[in-house]
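S.K.: Quick one, what's the 3D model for this:
(one chain, ligands or ions: 1)
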Amino acid sequence: MNKDIATPVRTRAILEKYGFYFKKSLGQNFLIDTNILNRIVDHANLTENTGVIEIGPGIGALTEQLARRSKKVVAFEIDQRLLPILEDTLSPYSNVEVIHQDVLKADVGAIIAKELEGIEDIMVVANLPYYVTTPIIMKLLEEKLPIRGIVVMLQKEVAERISANPGTKDYGSLSIAVQYYTVAETVMIVPKTVFVPQPNVDSAVIRLTVRETPKVAVEDEDFFFHITKASFAQRRKTILNNLTSQLPGGKEKKEQILQALHDVNIDPTRRGETLSIEEYAQLSAALHSAFQ
Ligand code: SAM
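M.R.: Residues are numbered from 1 along each chain as shown. As a prediction, this is how the structure comes out:
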């Protein structure tokens, strides 16, 4: 087997060879611990038939572990300076395709169709750039890509918000949006010491398993998400106050909002953080005719 990229000595040698310096603005914190990498990959339950989408391969530390344990890896990297490095470090692996694109601008569905054609089992596995964690996760979910799930390293605090339950301080519109599409679990807490440079925040790995159908049946997804965001606009306010102040024409439609809350048995003095996803689905259905 080839020597692992993710050791402190090898990583330093690669960085020195290419005169590479980290760009904080691109969220560049590279993993230098093969054990951690292997545990991340374990959580993705890959097989030799799995196709993997990676976001931000860096110098290839995770990419190489993925390549060893899957059929093919397609990795999106925004930083042009990393392309010649990846070509070098990943040269032993013929099943890796690096795509020089900002994943947020990429047509990921079309790239999956082309690069992973005929592969039925597809996972996203990544050590995400922390400045764009949430937009990346939401893009992957909202585009309804043909993926089994997502296993990613991200800020511990964001992992906690994603997997939070109603009635907790971390529960919010992000928890609802992600749990609508997936079953979310925090599977690892990761110390800062396994990165170079070390990030300022603690890290965690989450596993998102895409549901066959969303957690709740919703007729108008945009409106449902609009209602959940409005309900958390000011956490200390009641659901009634948030909805009247946040929805267009909400103040004039206060009576209709009260009626909708009453129809679905939600006390208007409750706070947004106490409502379950099921209650939000009922509420958005009840409010729909008044606002659409
Ligand atoms: N996978 C490597 C590792 O674990 O050592 C590097 C992870 S590092 C946290 C994040 C990587 O994402 C960097 O290589 C960075 O250049 C890349 N990146 C940042 N923004 C990106 C974007 N919008 N699209 C694609 N890659 C991006």
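S.K.: Spell out which residues of the stretch 51-200 of the chain are next to the ligand.
M.R.: 55-58, 61-62, 76-79, 82, 102-104, 127, 129, 132 (CB under 6 Å from any ligand atom). All C-beta atoms are positioned from the backbone trio N, CA, C, and that covers glycine.
S.K.: out of the residues you listed, which are inside strands?
M.R.: Counting by DSSP state E, those place 55, 76, 127 in strands.
S.K.: quick one, what contacts the first one?
M.R.: By that I understand residue 55. By CB atoms under 8 Å, 6 or more residues apart in numbering, the contact set of residue 55 is 75, 76, 103, 124, 126, 128, 129, 136, 152.
S.K.: for the last one, same thing?
M.R.: With contacts taken as CB under 8 Å, 6+ apart, residue 127 has the following neighbours: 29, 31, 40, 56, 58, 62, 152, 153.
S.K.: three-state assignment of the nearest residue to it once chain neighbours are set aside?
M.R.: Among residues not flanking residue 127 along the chain, residue 153 sits closest, at 4.2 Å (CB to CB, 6 or more residues apart in numbering). What DSSP: H, G, I helix; E, B strand; the rest coil gives for residue 153 is strand.
S.K.: same thing with residue 150?
M.R.: Per three-state DSSP, residue 150 ends up strand.
S.K.: isn't it right up against residue 185?
M.R.: No. When contacts are counted by CB atoms under 8 Å, residue 150 is not listed as touching residue 185 (11.2 Å).
S.K.: Could I get the full set of helices for this structure?
M.R.: Secondary structure of the chain (DSSP state H): helices at 8-18, 34-43, 61-68, 83-89, 108-115, 133-142, 156-162, 173-181, 221-231, 239-246, 254-263, 277-291.
S.K.: Pick the most buried one from the ones you listed.
M.R.: Stretch with highest mean neighbour count among the helices of the chain: helix 61-68 (a mean of 24; mean count of other CB atoms under 10 Å).
S.K.: With distance to residue 207 and mean pLDDT added, can I get the helices of the chain in a markdown table?
M.R.: Below are the helices of the chain laid out as a markdown table (distance: least, CB to CB, whole Å; pLDDT from 0 to 100):
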| stretch | distance to residue 207 | mean pLDDT |
| --- | --- | --- |
| helix 8-18 | 26 | 96 |
| helix 34-43 | 5 | 97 |
| helix 61-68 | 15 | 98 |
| helix 83-89 | 26 | 98 |
| helix 108-115 | 19 | 98 |
| helix 133-142 | 12 | 97 |
| helix 156-162 | 10 | 98 |
| helix 173-181 | 11 | 98 |
| helix 221-231 | 23 | 96 |
| helix 239-246 | 31 | 97 |
| helix 254-263 | 35 | 97 |
| helix 277-291 | 19 | 96 |
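S.K.: Right, I'll call it a day here.
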